[in-house]
Each structure stands twice: as structure tokens, then as C-alpha cells.
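Asker: kindly return the folded structure for what I paste below:
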Amino acid sequence: MTHRIVWHRVVAAVVAVVLVLALAVALGTATRTASHPHWSAASNYFPASGSDGATVTWDVDGLTHDYVQTANGHLVEFVNDDVGGHLWNAYDLSAGAPGGGLIASNPIAEYGCCFISTDPYIHVYVRTPAGDLVEYVNNNVGGHLWNAYDLSAGAGGGGPIVGKPAVAYDYYDNTPHVYVDTPSGQLTEYAHDNANGHAWNAYDLSYGAGTGGPIAGDATAFESYTLNDTFIHVYARTKGGDLVEYVDNNTGGHLWNAYDLSYGAGGGGPVGGSPVGFLLDTPCGGDGLIHVYVTTPIGLLTEYVNDDVGGHLWNAYDLSAGAGGGGPVTGTPSLTFADCLDRFVHLYVDTPAGQLTEYVNDDAGGHPWNAYDLSAGAAGGGAITGDASSAEGPGSGRDQLNVFAWSTGGDLMYYVDTSSGGHPWTATDLSTATGVR
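Answerer: Here you go, the predicted structure:
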């Protein structure tokens, strides 16, 4: 695998900050003119237990997009495109995209736009029932808005995967990088690097990284774009239950290296779920630190931060115990940093009782973190099942929070922090609003 040249990444980070707004405007005129099949009324819309959506809310058309796996194994896009008399519409990508078909994992989506990228497309990654990694792209090729490509079959070194993929958009090489688990527990990177005669290639990080090893469950990934850190960071749970960080920092003779955070962090310990994280560093006021959120084996929501406190580079903090209104949670949290809105971290989790709950570091009521029950507090809210997905609202104002979750009745619910009837949040049934029900 080709080693990345760090100074190029530093230049990319500087240019990114300067050009972000100009490119956002320039790319904001893209249209959706190709074939885009609507949902089939015969589709089974009830989600499998634990199903969630991967949300892209700020993209070339300024709309909110949510991608979900349905119980009949279809990849479906919900989008507020205001077409055909519906504000929201649902589109069956499994049925409409050439190369598409049944899926067997929750989707993950990435959008390359707007730093120094020339890739104005949404990329959605899923696993098929046969265990192949498949990419859906709205590249408007062959008269189809969406097309699907089998990366396990086409990539050099590719093969079967398990679980849900993770993706990080690398602004250095202008392509998405996908991170997956294999049946033998190998953390594997799929890179669109055009090496060895293949457009995509697969690299075994568990084998190749310094101190790497087998993983269990889904990973999370992102690329940092600050002057002090221009690397891709991947977080996963090891077979032994530790939270581990993989970084392509080109140290000690290895392009990638692995670090055990459960062992090394102050307050760290075993984890029981899949992590989610991001570097909170933006023009609107992040703290410049990496924050990773994961549950413990007994369901405690825990935050790992590289805050260099108490003699530890990383420290772990129990949010379930420390947050006002906090308690046990289930599944994988969804993370949104509302940078230009309120500069807070917003986490959305399910509880054992099925309550959609928001954790916010709003420093209210004498607590650095507080937990709010949206199922009970939102107008139209109710019990949920599985993981939620979330992101800031689209447009230059980024003026709202969007959360998607499945109700226990099988409808896709859209929670937004707009007041209605004395409630700070409002929940809308998109399955009904789109005519799916």
C-alpha cells in the first residue's frame, strides 16, 4: 500500500479551510434528473430488529437523505425532495440501481463534497447476503441516477465481510476509504487507490498494522483535517473486548499502527458495543480533541477523549452515571456535533425501555452532560427499536438537528428540534408521509 505523504495532507488541510464555503456554493447546483424509481407498494417496510439509517444531510442538492435497510432486504432512500405532492419520498435503490440487490446490513453513507474534493456524489456501503461489500453511488451513469458496484468481487484482495461497513472520506487522495470486519476478524481497508491494476484494493490492517490483531463487531472511521493531525482514525472492539484505535501515522516502520485505549486510558475498561467518534475541530469552535463513544458490557455510555489529563493521553468518562437524567443504553450511539448551531455534542441512543434519548454536553443543571427523553418529550414521539441516526440540517444555516429511528410499529420516524405545541422536538412518521404505509 502506498504511504501517504504527510506534508501533502497538511497543505490539503489549509486549502480545505479556505475553500470550503466557495466549493459548497459551486457544488450546490447539482440536479437529480436521471431515473429514480419510487418505493414499490409491495415492499415489506417493517425493519429488522436493530435496523438503523445512515444519514447524509448536507449535500449537493441541499436536501436531507436517510438510507435504511428494510426487513425484505432492500436499500431504501428517504429524501425531502418535495416531489409528487409529498415533502418526503422513498426510493427503492435495491430495485432501481443497476447492480443492486438484496442487502444484509445496515447502510453507511459518506459524501465527499466541499473541502478540496471534486467528488460530488453520495456513496452508500452495504453488505449483501453473500457477504460482499457493495457500493451504491448516485453517479448518474447509464441513464440511472444510482448504480451499484460489488467491491468484494472487484477489488484486489477483496473477499467476504461481516457486519456493517465504516467509511472515511480521505481528502488527501480524494476518495472514500471503507473499513470492514471479515469472518476471521481481520480489520480490512478497501481503498480506491487504482493500484495493482485494480480500481479498488483491500488491505488487511489487523495483520499489517503495528500491534494490530483481530476485531469483533463494527468499526467507525474518520479523517482528521487539522494541521496537527492529518490521519485516518479507525476505532473498533477487539476480540478481547478492548477499544482499539488504528491510525495511519506511518510510525515505527508501519503505515498503520494500533493502540489499545481500554488498557491505556485513564478509567478505561472493556467495551461491549461498537464505537462512534469524531475529531471535534471545526471553524465554528470544536475543542480540537478526538471523542469516541461506546457502551460497556453492562450498557454504560462511555466517552473516550485524548485530553491528556491526569498523566494519561486518553481518559474515559462514564456518561450514563455522570449525566443528569442518564442511565443504561443499548446499541451504537449516533453522534452529531452541532458546530455552528450550539457547539455541543449530541448523542442519540436507545435505552432498554426503547426510549430515544439525547445526551448533550450543555452544562445545564450543574451537570456537564444531560440526558433528555425524546420519545416522551417530542410531539408525536414514542418507543423506538434499534439504533438511531442523526446529523445537522442541510443548508448554509445548519439550523436544525435531524434524527431518524424506527418505531416499534415499524415506521421510520423523523425527529427534528423544531417546537410544536409546547414541545421542543417534533416527531413525524415518514412511512405514512411518503405513502409507504
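Asker: contacts only, for Val305.
Answerer: Under the criterion of Cβ atoms under 8 Å, 6 or more residues apart in numbering, the neighbours of Val305 are 289-292, 314-315, 317. (Each C-beta comes from the backbone N, C-alpha and C, glycine too.)
Asker: of the residues you listed, closest to Thr238?
Answerer: Nearest to Thr238 among the contacts of Val305: Val292, at 14.2 Å, using Cβ to Cβ.
Asker: against Ala166, how distant is the nearest residue to that closest one once chain neighbours are set aside?
Answerer: Among residues not flanking Val292 along the chain, Gly277 sits closest, at 3.5 Å (Cβ to Cβ, 6 or more residues apart in numbering). Distance from Gly277 to Ala166, counting by Cβ to Cβ, to the nearest Å: 11 Å.
Asker: do the same with Gly159
Answerer: 17 Å.
Asker: what about those two, which has more around it?
Answerer: Legend: neighbour count by other Cβ atoms under 10 Å for Gly159 and Ala166, higher for Ala166 (26 against 17).
Asker: the helix or strand where the more buried one lies pairs with which strands, and in what direction?
Answerer: Using DSSP states H and E, Ala166 sits in strand 162-170. Strand pairing for strand 162-170, using DSSP bridges, gives strand 175-181 (antiparallel).
Asker: and the next helix or strand past the strand it pairs with?
Answerer: Using DSSP H and E, the first helix or strand after strand 175-181 is strand 188-191.
Asker: helices and strands around the very next helix or strand once past that next one, which ones?
Answerer: Once strand 188-191 ends, the next helix or strand along the chain (criterion: DSSP H and E) is strand 201-204. Using 3 or more Cβ pairs under 8 Å, 6 or more residues apart in numbering; DSSP states H and E as the contact test, the elements touching strand 201-204 are strand 188-191.
Asker: need the residues that contact the strand it packs on.
Answerer: So strand 188-191 is contacted by 1, 133, 151, 155, 158, 161, 173, 175, 177-182, 200-206, 234 (Cβ under 8 Å, 6+ apart).
Asker: that older thread, let me see the contact set for the residue nearest to Val292.
Answerer: 220, 222, 233, 235, 290-293, 304, 335.
Asker: filter the residues you listed down to the ones in strands?
Answerer: Judged by DSSP state E, strands contain the following of the contacts of Gly277: 220, 222, 233, 235, 290-293, 304, 335.
Asker: so how far does stretch 402-421 reach from one end to the other?
Answerer: 19 Å (Cα to Cα, to the nearest Å).
Asker: roughly how far is that stretch from the heart of the chain?
Answerer: 18 Å (Cα atoms, centre = their mean, to the nearest Å).
Asker: so for that stretch, what gets flagged as buried?
Answerer: 402-407, 410-417 (16 or more other Cβ atoms under 10 Å).
Asker: could these go into JSON lines alongside pLDDT?
Answerer: JSON lines is the format used below for the buried residues of stretch 402-421 (pLDDT from 0 to 100):
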{"residue": "Asn402", "pLDDT": "91"}
{"residue": "Val403", "pLDDT": "94"}
{"residue": "Phe404", "pLDDT": "94"}
{"residue": "Ala405", "pLDDT": "94"}
{"residue": "Trp406", "pLDDT": "93"}
{"residue": "Ser407", "pLDDT": "93"}
{"residue": "Gly410", "pLDDT": "88"}
{"residue": "Asp411", "pLDDT": "90"}
{"residue": "Leu412", "pLDDT": "91"}
{"residue": "Met413", "pLDDT": "94"}
{"residue": "Tyr414", "pLDDT": "94"}
{"residue": "Tyr415", "pLDDT": "95"}
{"residue": "Val416", "pLDDT": "93"}
{"residue": "Asp417", "pLDDT": "91"}
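Asker: and the two most separated of the residues you listed?
Answerer: Maximum distance among the buried residues of stretch 402-421 (Cβ to Cβ): 24.4 Å, for Gly410 and Asp417.
Asker: returning to that earlier point: could you export the buried residues of stretch 402-421 as JSON lines, including secondary structure?
Answerer: Formatted as JSON lines, these follow (DSSP: H, G, I helix; E, B strand; the rest coil):
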{"residue": "Asn402", "secondary structure": "strand"}
{"residue": "Val403", "secondary structure": "strand"}
{"residue": "Phe404", "secondary structure": "strand"}
{"residue": "Ala405", "secondary structure": "strand"}
{"residue": "Trp406", "secondary structure": "strand"}
{"residue": "Ser407", "secondary structure": "strand"}
{"residue": "Gly410", "secondary structure": "coil"}
{"residue": "Asp411", "secondary structure": "coil"}
{"residue": "Leu412", "secondary structure": "strand"}
{"residue": "Met413", "secondary structure": "strand"}
{"residue": "Tyr414", "secondary structure": "strand"}
{"residue": "Tyr415", "secondary structure": "strand"}
{"residue": "Val416", "secondary structure": "strand"}
{"residue": "Asp417", "secondary structure": "coil"}
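Asker: hang on, the residue nearest to Val292 in a strand?
Answerer: Yes. Under three-state DSSP, Gly277 falls within a strand.
Asker: give me the pLDDT value at it.
Answerer: pLDDT recorded at Gly277 is 93.
Asker: with Tyr121 instead?
Answerer: So Tyr121 comes in at 88 (pLDDT).
Asker: let me see the contact set for it.
Answerer: Counting by Cβ under 8 Å, 6+ apart, Tyr121 makes contact with 111-112, 137-139.
Asker: could you redo the last one with a cut-off of 6 Å?
Answerer: Listed by Cβ atoms under 6 Å, 6 or more residues apart in numbering, the contact set of Tyr121 reads 137-139.
Asker: ditto for Val309
Answerer: Asn315.
Asker: same check on the one 5 residues further on?
Answerer: If a contact means Cβ under 6 Å, 6+ apart, then Trp314 has 261, 265, 304, 306 as its contacts.
Asker: Gln313: neighbour count?
Answerer: I think there's a mix-up here, since residue 313 is Leu and not Gln. 14.
Asker: and the contacts of Tyr121, which is closest to Leu243?
Answerer: Among the contacts of Tyr121, and counting by Cβ to Cβ, the member closest to Leu243 is Val137, at 31.6 Å.
Asker: before we move on, the earlier item: shared neighbours of Gly277 and Ala166, anything?
Answerer: Taking Cβ under 6 Å, 6+ apart as the criterion, Gly277 and Ala166 both touch Thr220.
Asker: ok, what's across the strand from Ala90?
Answerer: Beta-bridge partners of Ala90, as defined by DSSP bridges: Phe78.
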